[in-house]
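**Q** Just the structure for this:
(2 chains)
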Amino acid sequence: MTAPATDRPGVETPDSLEWLLEDPYQDTNPTGHHAILAADEHGVPLPTGEAVLDTWPANAEYVPPELGGRFRSVDTLVRRLRPVFRRDAGLGLGHGITSLMAALNVWLAGDAEQRARVARLLLGGGRISVAYHELAHGNDLSRNALQAVPGPHGYTLNGTKDVINNAGRAQAAVVFARTAGAEAAPGGRAHSLLLLEDLDALPSAVFRRLPRFRTSGLAGCVLGGFAFHGCPVGRETLLGAEGEGTAIALKSFQVSRCVTAGVGTAMLDGALFGVYRFARERVLYGRPVAAIPHARRLLAGAYADLHIAQALARAAARALHLHPATAGRYAAAVKYLVPRLVEDALGDLTVLLGARSYLREGRYAFVGKHLRDVAGLSIGHAGGVSCQLTVLPELPGIDLAREHAAPALFDTSPLPPLDLAALRLRGGRADPLLATLPAALDACGGGPELKGLADGVRAELDAVLGAAAALPVTERGVTAGARSLALTDRYAWLLAAAACLGTHRAVGGPLWLRAMLERIGQRSGRLPESPVAEPAAALFAELEARAEAGVSFDLDPEPVARRLA
Amino acid sequence: MTPRPPAAEAPAVRPLTGYPPTVRTEELERHLGPGGPLPPEAAARADAADLFPQAAVDALDSFGLYRSYVPERYGGGLRDYPTTAALIRAVAARDLTVAVAHGKTFLGAVCVWVAGTEEQARRLADRVLAGVPVSWGLTEREHGSDLVAGELAATGDGPRLRLDGEKWLINNATRCGLVTVLARTDEAGGPRGFGVFLVDREAQDRTSYRPLPKVRTLGIRGADISGFELRGATVDPVADQIGAPGTGLETVMRSLQLTRTVCATLSLGAGDRALSEAAAFADYRELYGRGLLDLPAARRTLTEAYADQLLHEAFATVAIRSIHTLPGELAVTAAAVKYLVPVRTEAMLARLRRLLGARGWLRDVRAGERAGGAGIFQKVERDHRIVSLFDGNTVVNLNSLISQFPLLARAHRAGREAAPGLAAAADLTAALPPADYRALRLMPTRGSSLLHALPGAARQLAELADEDPLLAPAAAAADRLARHAEELLTEIAGQPIVPPDVPAYAFTLARRLTHCLAGAAAVALWLGHHRTAAASADPADPGCPAPLWRHGRWLHAALDRVLTDIGPTAARPDPPRRDDAELDALDEAHRVLGEVLLAQVRAHRLTSLLPVRLAAPERADRTAPDRAERTGDAGRDRAAPVPDHAAPGPAAGPRTEEGIAR
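**A** Residues are numbered from 1 along each chain as shown, chains lettered A, B, ... in the order given. You can find the predicted model right below:
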C-alpha cells in the first residue's frame, strides 16, 4: 500500500500510521481487524501492532521536541494517533498513551535530569506506568492511601495501586502517594508524585508487581498493579515539591483528558465506515440496507456525532495551547461528553449491524469490540462525574465579557508550544470558547431553519448561565443535586455548539452547521427529532462520497487505507 | 372505561396472597439456594471458555422448569404466562446465559401450542416434559430478520417432504432434540409461501441434520449459538407440518407475539442483578469523604435506574397478563414491550456501569472483594445485549408498530374504548382465563386499550388526587402523558407510510408510541393494584414495596422517566418546565425509591413492585476489608471541594454487606 500523493508529512515526521497499519479489511494484514480480533480473543496486546508502533516510533509522539521527540501540540498528537484508534483502542492505550499520561507529570514538574532520563527511556522504547488508581478510592485522589513516609534518605512506600496499565512490564512508574501523615490536615497538599525509574531494581521483598486485572474490554491494555511493603526509595524520586502531587496530577489530567477524548473519536470513524460498508452489502426486504431511509438517518446521525465530538475535542486540545487558564474546564467537559457521545453513536450503529454486532467473529466483529472498548475509555483515568465536579464550581462565575477566542482555536493552524506550567487548577471567569457563541450565532446567517436553531442555542446559553449564577454554594460541589450537576451537561453541549459554530466556515457551511446544531439539540434532549430529512441527507451524501474516495470521515479528513468491498 | 372501578364500590380490599408468579419464584429460589449450582469463579471460567452452563441447566431441570413451557392441558405446568415469565426473570437475574439456554425450549415449542393439532402438541409436550431441548429455526445467514427472504426449502419427495438449506444464529441448534423450522414451501415465496415443520432429530440420519460450528458471541458465551444445515431431512407433510400449508409465516408472527412479550422479562432479570450489584457497590464505596449514597447525584443515578426498572416491570406485567386478557391487541403490546424494555435496560445498565467506575468492567472485582469471577456486572451487561437483538430486534419491532399506524389511527378516530381485558391485566388479584391462541391477531383492529384508557385513567388519578394531594404530581404526569399520546396519535394519522421505504421519522413516532404504551401500562397497573398493595403492606418485611405505591411515588418517578425520554416533540417543542413544587415532589419520590431499593437489596428481596423473597445466604461472608483501614481524612480535594457548611447526608442505614451477595 502506498500513500496517495496528498499532503505528505514533512521531513522530520514519519508517514502516517495509516499506511503502516494498512487496510484493516484485508484478512492477511497482520495489523488488520482479523489479527486484532485474534489478539483480543487471547486477551493480549496485538504484537504486530505494537511492533509497528515501536518502529514508528509512537513514543516519540509523547516527548517534547526540546527533549528529542515530536510532541509539538496536543491536537496534532491526537490526529497522528487516530489511525491506531480506528482499529484498536486497546493497542493505542496499551502500547503507550498511559506512558504519555505518566510522562506529562515529568515534563511539567521533573527537574532537567528527570526529564532527560524519561525522554531517553521513552525514545528507547521503554514504558512508564502511571499509578494513581486504588480500587478502594476510584477517582478520588484525596483519599489515596498509598503512603510514602519521609525519612532521612527518602521515602518508605506502603500500599497498593490497582488497575494500572503496563504495571507488569513498565521499566518505570509515576506513583501518586500520600506523603503527609494520617494526622495531617486534610487538603490538597497531602500527596506527592514519585518517579520510580527502575522498578526492577526495587527489592523483591518489598515490591511486587500484581497479577493482571481481567477486564471485559481493551484487551490490549495489560492492567496490573504495584504492591509496596516498606519499600525504600530515594529522595530524588520526588517530582516537583513534596505536597504538590495533586496539583501536578490535576494539570496533567487536563492534557490526558483531551488526548483520550480526542483519540476515542477515531473509534467512531472506524465503526461508521464498517457499518456503512455492511449496509451496502446487506440486502434486506429486497434492497441494500444503505438504501433504507431509517438506515441512512442512523448513519448520518453518527456522522454528525463524530463531527460534533471532534469539533469539541479539537477546540479543547487547542485551548491547552491558546487559553491554558481555562483549558482545564474544557478538558473536563470534553472528557465527560465526548466518550459518552462516541458510545451512544456506536450503540446506534450496532442497531444496523443487528446480530453481527454481537459476534466475536466475522468481518464486522470489530464494531462490537469498539463498543466494549469505549466503556473502558470513558472510565479510564477520570470518570464522568469527577469531570462534572471539576466544571460545576466554575460555572457560576463565567463572564462572557472577558476573553474571546481567536479563530485559531477552531482551525488546524500551527500552535504555540504547550506550556504545562501555564495550566491552572481552577479555571478563571473568562470563557474564551463560550464567549464566541453570541457573536457567532448572530453571524451564522443561513435560512430560517438555521436562525431558529441559533435562537434556541442563545436561549439555552442564557438559561444555563442564569441557572448557574443562581446556584447556592451547597449546590456547587460534591453535595450538588442531580439538577445542578445537569448544568455541566448543558454547559458541555453549549461548548460543542460553540465549537461547531467556530468550525463551520472551514468545514461545512450552513447546511452542515444546521445538521450539527440540530443534532446537538436532539442529543441533549432540548430539541425534538425532526420530520425534515434535508440536513441528514446532505451528511449522508458526504459520507458516501468520502467512503468512495478513501478519505476518513473526520472533521479534518485524511486519506485512509480501508476500502469498500 | 377505566381500568378499575373506584374502591368505594369494593370496600374490602384483600392483600395479595398466593400470587402464582411470586409463589413459584420463591420456590425456585429455595430450590437453587443463595449460591446456585456454580460458584462465581467456575461460572466465570465457563464464560471465558465459552462452555455451556450444564450444571445450571441441570439444576433448572431438577426443578422442572421445562414444565413451565408446556401448557397445562398437555400435561405441563404452564397455567399462566406471568408465572413462566417470573421464573425466567429469576433465572436471568442469576445468569442470563442460563435463562437463554434453558428458555429456548419455550421459544422452540411455542409454534406448536399456537397452531399445532392436539396430537402434535401432545407429541411435543411429552418430549419437552422428558427434558428434551427444543430449538427454533427461523433466521438465515444472509437474511437475518427478513424472514420472507428465507431460502431453506421444503420440496415434494414422494409422500414425504424434504428440507434443504441452512439456518444460522440458532440457539440450541446443536443440543436440541427437536426443532421447529420455518421453510419455504413455494418457490416464489411470499407471505403464503412458507410452512413451519417440526423436525425430530431422532427421526433424521446424521447427514440430514448437521449442526454448524458454534458461533462465538460477546455475551451469553456459554450458550449454544450455532445453526444447522438440513440436507434431505424428511418430514411428513401432514403430521409434521404445524398449521395449514402456507400459514408458516403467520404462525411464526403470532408465536413471536408470545415470545417477544415473555423475552422482555430477560431484561428485568438483568436489571435486578445490575441494581443489586450497584447497590452493593454504593453501600461499600466512600468517595470524597462521604458515602456514595450520600452524594445526591450518585444516589439519583441509582434511583433513576430503579425507576426505570419499575417502569419496565409494570409494562411487562401488564403486557404478559394481557396475553390472557387482551390477546387480540398483542401485536401492538408485544412489539412495544420487546422494543422498549431491552433498549431502556441497556441504557440503564450503561448508567449504572458509569456509576460503578472500574468495577463496571473488571471481571474479578466486586465492591471490596477481589476474587475470580466476582466482577459480574460486565457479564450482566454483555449478556443482556442479546435481548434487544434476538427474537425480533429493535428495527423489526419498530417496523411492526409502524405497519400498525393506520389501524391505531383509525381506532383512535373511532373513539374506541378500552376492552374489559385491560382491567383484568392491571388487577393482579383477577383470575386469568387460559391463553387463547386463536385470538392472537396480526393486526389489532380495535387498536390498543392501553391508549384508549389513558385519558380516563389520567382523570381518575386526578380525582384520587383530590382526596390525596400527595398524589397530585403523579396525576399531573399522567395527564401530560395522556396529552402527549393524543398528539402522537394525531401525528401518526398524518404520517404517510409507503412500504418499503418507511420514512425515518416514522421510527421516531414508533419510539414515542412505545413510551406512551409503557407509561399507560404503569398508570393502569397503579390504578389496578394500589389498594391491594396498601392492603398487602407488611411493616415487618424490611423490603416491603408498599411505600412505593403510597401517593403514587413509583408511578411519578416512572412517568417522569417516560416524559424525559419523550422530551420535546414537533407538536410541543417547548414542554412545560416543571416548577419547584413538582421537582420537590420528584425528589421525595426518589428518596422513597432509594430507601426501598436499598432495603430490598439488603434484605434479599427482588427489586420489584411486589414483595418477592430471594434465597438469602446463611452467613455474612462479604465484608469490606479495607473499610477499617480508611483514614479519618475528611477529604478535600481541589478537584472536588467539599464546602465547609455542607449538610451531612442522611444516615445511610446499616452498612453490613452480608446480604447483597446472591
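
**Q** Excluding chain neighbours, what is closest to the residue of the stretch 101-250 of chain B found nearest chain A?
**A** Residue nearest to chain A within the stretch 101-250 of chain B: B:R216 (4.1 Å; C-beta to the nearest C-beta). C-beta: built from backbone N, CA, C; applies to glycine. Leaving aside its sequence neighbours, B:R216 sits nearest to A:R360 (C-beta to C-beta, 6 or more residues apart in numbering or on different chains; 4.1 Å).

**Q** Low-confidence stretches in the stretch 51-200 of chain B?
**A** Within the stretch 51-200 of chain B, not a single segment meets pLDDT under 70.

**Q** and with 90 instead?
**A** The stretch 51-200 of chain B contains residues with pLDDT under 90 at B:157-158.

**Q** Show me the strands in it, by range?
**A** B:134-137, B:153-157, B:160-171, B:178-184, B:194-200 (DSSP state E, counting those that start in this stretch).

**Q** Export these to a markdown table and append columns for mean neighbour count and distance to A:H323.
**A** Shown next, in a markdown table, are the strands of the stretch 51-200 of chain B (neighbours: other C-beta atoms under 10 Å in any protein chain shown; distance: least, C-beta to C-beta, whole Å):
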| stretch | mean neighbour count | distance to A:H323 |
| --- | --- | --- |
| strand B:134-137 | 28 | 60 |
| strand B:153-157 | 17 | 67 |
| strand B:160-171 | 22 | 52 |
| strand B:178-184 | 26 | 62 |
| strand B:194-200 | 25 | 65 |
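
**Q** In the stretch 251-400 of chain A, which residue sits closest to chain B?
**A** Chain B sits closest to A:R297 of the stretch 251-400 of chain A, with a gap of 3.5 Å, by C-beta to the nearest C-beta.

**Q** Leaving out chain neighbours, which residue sits closest to that residue?
**A** Among residues not flanking A:R297 along the chain, B:A504 sits closest, at 3.5 Å (C-beta to C-beta, 6+ apart).

**Q** Quick check: the residue nearest to B:R216 vs B:T174, distance?
**A** The spacing between A:R360 and B:T174, counted by C-beta to C-beta, to the nearest Å, is 18 Å.

**Q** Also B:P542?
**A** Distance of B:P542 to B:T174, computed by C-beta to C-beta: 45 Å.

**Q** Looking at those two, which one has more neighbours?
**A** Neighbour count, other C-beta atoms under 10 Å in any protein chain shown: between B:P542 and B:T174, B:T174 has more, with 19 against 16.

**Q** wait, what's in contact with that one?
**A** For B:T174, the contacting residues are B:211, B:214, B:224, B:226, B:228, by C-beta atoms under 8 Å, 6 or more residues apart in numbering or on different chains.

**Q** Verify the stated contact: the residue of the stretch 251-400 of chain A closest to chain B with A:E534.
**A** No - taking contacts as C-beta atoms under 8 Å, A:R297 lies outside contact range of A:E534: 11.6 Å.

**Q** More neighbours: those two, which one.
**A** Remark: of A:R297 and A:E534, A:R297 carries more neighbours, 22 against 12, as counted by other C-beta under 10 Å.

**Q** if we can go back for a sec, which one of the strands of the stretch 51-200 of chain B lies nearest to A:E113?
**A** For the strands of the stretch 51-200 of chain B, the distance to A:E113 is smallest for strand B:160-171, at 59.9 Å, taking C-beta to C-beta.

**Q** Which elements pack onto the closest one?
**A** helix B:96-115, strand B:134-137, strand B:153-157, strand B:178-184, strand B:194-200, strand B:225-235 (3 or more C-beta pairs under 8 Å, 6 or more residues apart in numbering or on different chains; DSSP states H and E).
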